[in-house]
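Student: pasting the structure only:
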């Protein structure tokens, strides 16, 4: 149950964090006319950090769901999946 609670909380928090990029709450709620779209390296870096969490959460959910099958994939792929999951510190693999 602890895993499910922590995973649910992490998914919820990540969704809230990423929604500011999708729904325009990054700065203030403004229209595109008043808020021109420009590349912001800092905002992009923040977004990519959150996106890595999304990928990690997806891998964690899949690893929990298909735990037995995880041992059947090749070693290199398993190591990549496990390293992403370990970054979240929700599931011990």
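Tutor: Received the coordinates, thanks. The structure presented is a predicted model; accordingly, all values stated were derived computationally and were not measured. Numbers count the residues shown, from 1 in each chain.
Student: hey, let's count contacts and neighbours off CA atoms from now on
Tutor: Fine.
Student: Residue 18: what's it in contact with?
Tutor: By Cα atoms under 8 Å, 6 or more residues apart in numbering, the contact set of residue 18 is 47, 50-51.
Student: can you check residue 54 too?
Tutor: Residue 54 neighbours (Cα under 8 Å, 6+ apart): 11, 14.
Student: element containing it?
Tutor: Using DSSP states H and E, residue 54 sits in helix 41-65.
Student: How far away from the center of its chain is that helix?
Tutor: Put simply, helix 41-65 sits 2 Å off its chain's centre (Cα atoms, centre = their mean, to the nearest Å).
Student: Repeat that for stretch 11-27.
Tutor: Distance, stretch centre to chain centre, for stretch 11-27: 12 Å (Cα atoms, centre = their mean).
Student: where along the protein do the helices fall?
Tutor: For the chain, the helices defined by DSSP state H occupy 2-23, 41-65, 67-70, 75-88.
Student: Compile those into CSV and extend it with columns for mean pLDDT.
Tutor: Listed next are the helices of the chain as CSV, based on pLDDT from 0 to 100:
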stretch, mean pLDDT
helix 2-23, 77
helix 41-65, 83
helix 67-70, 76
helix 75-88, 80
